[in-house]
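Peer 1: Predicted model follows, preceded by the sequence.
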Amino acid sequence: MFEPAPQDLVLTILGAHVGPRSGATVWSGGLVALLAEFGFTEGAARVALTRLVRRDLLERAKDGRMVHYTVTPRAAAVLAEGDRRIFGLGRSNGSADQWTVLWHTIPEDQRVARARLVRRLRFLGFGPVQDGTWLAPRDRTAEVAALLDQLGVSSHAGVLLGAPAQVPDFAGFVPRVWDLDALAAGYESFVAEFDASEAEDARTAFALRVRLVHTFRQFAMLDPELPTDLVPPPPHRAAAVSLFHRAYPALAPQAQRHFDGVMSP
C-alpha cells in the first residue's frame, strides 16, 4: 500500500518534475492540488509545506495574493544527492577493498542535526552497528566529510577506513547490520507491482511515475550494495533496476505535462 509521508512526497514530486535546481519556484496551490491526488487534505498539505519551510527545504514567497515556494540550496543539495544515489543504484563494481566506519557522540541539544545525519547516512548505504556507530562498504569519506560539515557536527564524529578481518566470519555479521531478507522481499514486491503498469492519460502517468520513483528511492536507504563476493545480490534487484530505468523516462512526457498544467495558476 502506498502511504508516503506528505513532506517526503513533496520532495519526490519536486525532484522528479523540477529537479535539483536551487531557486526553482512552484505555486503553493499547485502543490496542494497534487497532494490531494494522493489523498491528502488541503490542511495536511499546507502543514507539510510549512514544515518543509521550517526544515529549510522550501522558502515561502508572496506575489500579490499568490503564494509560491522556492527550492532552497539545502533542498537542492539533498535532491542532487538523491539523484546520484537513486540512478547509481545497482551499478557498483561488486567489490569493496575498504569499508567506512563512522561513530558520533552528537549531544542532545543538537538532536535535529543527529536525526538528519542518521537519515542521510542510510541514504549513503550505511547501516547501524550500535548506537552512534555506522558501517558502509567502500570508501565513503568524501561524502561523510561533506555531510558532517554541512550539519555542523564534524567535531562530534570520527571516521575510519579499514578492511574486515577473516575471523570471525564477517559475512555472518552483515545480516545483523542490514535486513537482507526484507530488502530481497522489497525488490520482489517492486517488480510485481510495477512491471505491468500502464498509464492511459497524463494524470495517471504522473501518479504512476511518482509512486514508481518514491518506492524505488526507498531502496537507496535499504540497500548497501554489499560486495557480491561477500553476500549474493538480492535476486530481484537487477529486474527492479532495469524496470525503473525503463519506466521512469517513458512516463516523463505525460507526467510532466500534468505537473505543468496543475502548476499553472
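Peer 2: Arrived safely, thanks for sending. Numbers count the residues shown, from 1 in each chain.

Peer 1: what packs against the biggest helix by length in the chain?
Peer 2: Longest helix in the chain by number of residues (criterion: DSSP state H): helix 237-262. For helix 237-262, the elements it packs on are helix 6-17, helix 28-36, helix 180-194, helix 202-217, judged by 3 or more C-beta pairs under 8 Å, 6 or more residues apart in numbering; DSSP states H and E. Quick note: C-beta positions are derived from backbone N, CA and C, even for glycine.

Peer 1: Show me how far the helix or strand just after the last one is from its chain's centre.
Peer 2: Put plainly, it is helix 202-217. Of the helices and strands lying after helix 202-217 in sequence (DSSP states H and E), the nearest is helix 219-222. Here helix 219-222 is found 7 Å from its chain centre; the criterion is C-alpha atoms, centre = their mean, to the nearest Å.

Peer 1: Over to stretch 99-107?
Peer 2: Per C-alpha atoms, centre = their mean, the centroid offset for stretch 99-107 relative to its chain is 21 Å.

Peer 1: List the buried residues of that stretch.
Peer 2: 99, 100, 101, 102, 103, 104, 106 (16 or more other C-beta atoms under 10 Å).

Peer 1: Tabulate those (CSV), appending secondary structure and pLDDT.
Peer 2: Shown next, in CSV, are these (DSSP: H, G, I helix; E, B strand; the rest coil; pLDDT from 0 to 100):
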residue, secondary structure, pLDDT
99, strand, 94
100, strand, 96
101, strand, 96
102, strand, 96
103, strand, 96
104, strand, 95
106, coil, 93
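
Peer 1: Next up, the contacts around the residue lying closest to residue 33 once chain neighbours are set aside.
Peer 2: Distance criterion C-beta to C-beta, 6 or more residues apart in numbering; nearest residue to residue 33, sequence neighbours excluded, is residue 262 at 5.2 Å. Residues near residue 262 by C-beta atoms under 8 Å, 6 or more residues apart in numbering: 30, 33, 34.

Peer 1: Quick one: buried ones out of these?
Peer 2: 30, 34.

Peer 1: So residue 53 sits against residue 68, correct?
Peer 2: No. With contact defined as C-beta atoms under 8 Å, residue 53 does not count as touching residue 68 (11.9 Å).

Peer 1: what about the two, which has more around it?
Peer 2: Ranked by neighbour count (other C-beta atoms under 10 Å), residue 53 and residue 68 place residue 68 first, with 19 against 14.

Peer 1: which residues sit in contact with the more buried one?
Peer 2: With C-beta under 8 Å, 6+ apart, residue 68 has these contacts: 25, 26, 27, 28, 60, 61, 62.

Peer 1: which of those residues sit farthest apart?
Peer 2: 26 and 62 (13.8 Å; C-beta to C-beta).

Peer 1: What degree of burial does the residue nearest to residue 183 when sequence neighbours are not counted show, as a neighbour count?
Peer 2: Once flanking residues are discounted, residue 183 sits nearest to residue 222: 5.1 Å by C-beta to C-beta, 6+ apart. Other residues near residue 222 number 17, with proximity taken as other C-beta under 10 Å.

Peer 1: Over to the one 3 residues further on?
Peer 2: Neighbour count of residue 225, defined by other C-beta under 10 Å: 22.

Peer 1: Next, give phi and psi for residue 230.
Peer 2: phi -110, psi -50 (degrees, to the nearest 10).

Peer 1: where's the closest residue in space to it that isn't next to it in sequence relative to residue 57, distance?
Peer 2: Of all residues not flanking residue 230 in the chain, residue 171 sits nearest, at 5.3 Å (C-beta to C-beta, 6+ apart). The gap separating residue 171 from residue 57 is 39 Å, by C-beta to C-beta, to the nearest Å.

Peer 1: and those two? which has more neighbours close in?
Peer 2: residue 57 (21 against 13).

Peer 1: Name the spans of the chain whose pLDDT lies under the cut-off.
Peer 2: The model of the chain has pLDDT under 70 over residues 93-94.
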